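K.L.:
Output the structure for:
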Amino acid sequence: MTSSVVQRINCSLIAPGVTRTDGLPPQGRIFNIQRYSLNDGQGIRSVVFFKGCPHTCPWCANPESMSAGIHTVRREAKCLRCQPCLNDVDECPSGALERIGQNVTLETLLQQLLQDEVFYRASGGGVTLSGGEVLMQAGFATALLARLQALGINTAIETAGDAPLRSLLPLAAHCDQVLFDLKIMDTAQAKRLLNINQPRVLANFAALSAAGVALIPRLPLIPHYTLHKENVAQILAFLAPFALKEIHLLPFHQYGEAKYALLGRDYAMRGVAPASEQQIAPLRAMAEAAGYHVIIGG
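P.N.:
Next up is the predicted model:
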């Protein structure tokens with residue numbers, strides 16, 4: 001562990017995303033709200049990043065999302081070397097101590113999101129729930145999406161779809177779009193490398209389609225993992241019966257690398273070059289030949 005990490009605080013006394021028994025409002029646990037986003041759905045959007053993910057994707061650009069707990073890190077460049085250091089985010093004079101994750105009530109989060117309502121309506125945008133994996137907090141997320149839809153705001157989630165269908169279907173019923181990631185198709189490799197239950201993922205995709213949910217498949221293109229024709233061909237073969245019109249190709253990037261050092265974690269993709277246009281072009285051609293409108297980057 002590097003010196004950039006000063007402590008990790010487990011704040012799971014009240015599990016996020018579930019009904020509380022103490023009479024207080026239910027809470028969700030998030031780590032960021034990205035406003036004015038032009039990705040992860042149509043128009044101008046606010047993207048809510050939920051804490052917690054069951055998967056182990058080596059290329060994850062949001063490693064701070066993996067743990068469901070709330071923890072504190074120190075940014076050395078901001079540290080004033082106070083003596084003594086209180087190790088308290090709220091008391092730190094320079095902002096060197098940063099808390100990653102916060103518990104929010106439904107009403108508090110809704111109020112924050114509605115601050116940008118005018119931009120959603122003017123652009124045809126809305127709110128996207130991402131992560132982490134939003135399905136780990138399905139109850140809270142479903143309630144939030146229902147409130148947003150009741151207000152006429154476009155809703156979407158970004159998910160790997162690896163959860164019990166009883167959690168996924170009610171949530172998806174309140175989505176105008178489900179951005180559904182398809183990663184490694186080989187069942188054994190998906191489990192060993194990513195801790196993904198691929199048969200469940202594919203069954204859930206089919207169930208959402210049968211329920212009339214608007215699905216947009218998204219394919220991360222990751223060197224050494226998914227950036228090859230065989231995997232893309234398997235995905236396209238699986239998708240063929242669903243007659244979808246649009247697909248997103250998500251090229252690998254290194255934007256999240258600095259976060260790993262901040263969290264004191266090793267970065268498995270260090271030194272791996274982003275996918276080149278020459279590598280992406282034949283995969284794009286395969287998707288276009290299958291009849292898809294292809295968007296690079298989502």
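K.L.:
could you check the distance from residue 115 over to residue 36?
P.N.:
Plainly put, residue 115 is 11 Å away from residue 36 if you go by CB to CB, to the nearest Å. For every residue, glycine as well, the C-beta is placed using N, CA and C.
K.L.:
and residue 199, how far is that from residue 243?
P.N.:
22 Å.
K.L.:
more crowded one of these two?
P.N.:
Between residue 199 and residue 243, residue 199 has the larger neighbour count (other CB atoms under 10 Å), namely 11 against 8.
K.L.:
Identify the residues contacting that one.
P.N.:
Neighbour list for residue 199: residue 187 [criterion: CB atoms under 8 Å, 6 or more residues apart in numbering].
K.L.:
swap in residue 216?
P.N.:
Residue 216 neighbours (CB under 8 Å, 6+ apart): 177-180, 244, 246-248.
K.L.:
same thing but at 7 Å, please
P.N.:
177, 179-180, 246, 248 (CB atoms under 7 Å, 6 or more residues apart in numbering).
K.L.:
And residue 250, by the same measure?
P.N.:
For residue 250, the contact set (CB under 7 Å, 6+ apart) comprises 218-221, 297-298.
K.L.:
Mark which of the contacts of residue 216 are buried, thanks.
P.N.:
Using 16 or more other CB atoms under 10 Å as the burial test, those include 177, 179-180, 248 as buried.
K.L.:
Turn those residues into a markdown table, including secondary structure, distance to residue 27 and pLDDT.
P.N.:
A markdown table is the format used below for these (DSSP: H, G, I helix; E, B strand; the rest coil; distance: CB to CB, whole Å; pLDDT from 0 to 100):
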| residue | secondary structure | distance to residue 27 | pLDDT |
| --- | --- | --- | --- |
| 177 | strand | 26 | 97 |
| 179 | strand | 25 | 98 |
| 180 | strand | 27 | 98 |
| 248 | strand | 31 | 97 |
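K.L.:
Would you mind checking which of these is nearest to residue 95?
P.N.:
Nearest to residue 95 among those: residue 179, at 33.1 Å, using CB to CB.
K.L.:
wait, residue 100 sits on residue 29?
P.N.:
No - here residue 100 does not reach residue 29: they are 10.6 Å apart, not a contact under CB atoms under 7 Å.
K.L.:
higher neighbour count, these two?
P.N.:
residue 29 (24 against 21).
K.L.:
The more buried one belongs to a strand?
P.N.:
Yes - according to DSSP: H, G, I helix; E, B strand; the rest coil, residue 29 belongs to a strand.
K.L.:
pretty sure it contacts residue 101?
P.N.:
Yes - if you go by CB under 7 Å, residue 29 and residue 101 touch, sitting 5.9 Å apart.
K.L.:
SS state for the nearest residue to residue 129 once chain neighbours are set aside?
P.N.:
Distance criterion CB to CB, 6 or more residues apart in numbering; nearest residue to residue 129, sequence neighbours excluded, is residue 157 at 4.7 Å. At residue 157 the chain is in strand, as set by three-state DSSP.
K.L.:
Give the burial count for residue 157, as a bare number.
P.N.:
31.
K.L.:
So which elements touch the helix or strand bottoming out on mean pLDDT in the chain?
P.N.:
Within the chain, judged by mean pLDDT, DSSP states H and E, the helix or strand with the poorest mean is strand 71-74; its value is a mean of 86. Packed against strand 71-74, as judged by 3 or more CB pairs under 7 Å, 6 or more residues apart in numbering; DSSP states H and E, are the following elements: strand 97-100.
K.L.:
what comes into contact with the strand it packs on?
P.N.:
So strand 97-100 is contacted by 6, 31, 64, 70-75, 89 (CB under 7 Å, 6+ apart).
K.L.:
repeat that for 10 Å
P.N.:
6-9, 11, 31-32, 51, 64-65, 67, 69-75, 78-79, 85-92, 259, 262-263 (CB atoms under 10 Å, 6 or more residues apart in numbering).
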